[in-house]
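In: Give the three-dimensional model of this entry:
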Amino acid sequence: MNSSVIISPRVIDTINSLSSADRTPISNALSMEFILGQNPEDTLTPNQSIIYAVIRFYVAQDTARHRRSLANVS
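Out: Reported below is the predicted structural model:
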């Protein structure tokens with residue numbers, strides 16, 4: 001991945017609110033996708049995949065918001 005990713009307090013709070021059984025696999029999935037560029041789908045249970053999709057949406061939304069704010073500054 002060649003661009004920045006925003007991990008906002010909303011994302012961190014959401015991850016911290018998960019049970020410990022879900023927190024680690026979902027955090028690892030975020031790392032796999034956004035740092036390593038790998039697809040994490042096979043590493044999650046169906047329930048974790050749903051939670052991950054929501055968190056991934058938050059990351060995408062926060063990153064897009066940040067990029068728009070940078071564009072408005074220029």
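In: hang on, isn't Ile26 packed against Ile55?
Out: Yes - when contacts are counted by CB atoms under 8 Å, Ile26 is listed as touching Ile55 (6.4 Å). The way it works is simple: take the backbone N, C-alpha and C, and place the C-beta from them, glycine included.
In: between these two, what contacts are shared?
Out: Ile15 (CB atoms under 8 Å, 6 or more residues apart in numbering).
In: So which bits of the helix or strand containing Ser31 are buried?
Out: Assessed by DSSP states H and E, Ser31 sits inside helix 20-34. Applying a neighbour-count criterion of 16 or more other CB atoms under 10 Å, one finds Asp22, Pro25, Ile26, Ser27, Ala29, Leu30, Met32, Glu33, Phe34 buried in helix 20-34.
In: can those go into CSV with extra columns for pLDDT and distance to Glu41?
Out: Below are those laid out as CSV (pLDDT from 0 to 100; distance: CB to CB, whole Å):
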residue, pLDDT, distance to Glu41
Asp22, 97, 15
Pro25, 97, 12
Ile26, 97, 12
Ser27, 96, 15
Ala29, 97, 8
Leu30, 95, 13
Met32, 95, 10
Glu33, 94, 9
Phe34, 90, 14
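In: Going by distance to Val5, which of these wins?
Out: Phe34 (4.8 Å; CB to CB).
In: Please name the residues that touch the residue nearest to that closest one when sequence neighbours are not counted.
Out: Excluding its sequence neighbours, the residue lying closest to Phe34 (CB to CB, 6 or more residues apart in numbering) is Val5, at 4.8 Å. Listed by CB under 8 Å, 6+ apart, the contact set of Val5 reads Phe34, Val59, Thr63.
In: let's go with 10 Å and repeat that
Out: Counting by CB atoms under 10 Å, 6 or more residues apart in numbering, Val5 touches Val11, Leu30, Glu33, Phe34, Ile35, Val59, Ala60, Asp62, Thr63, His66.
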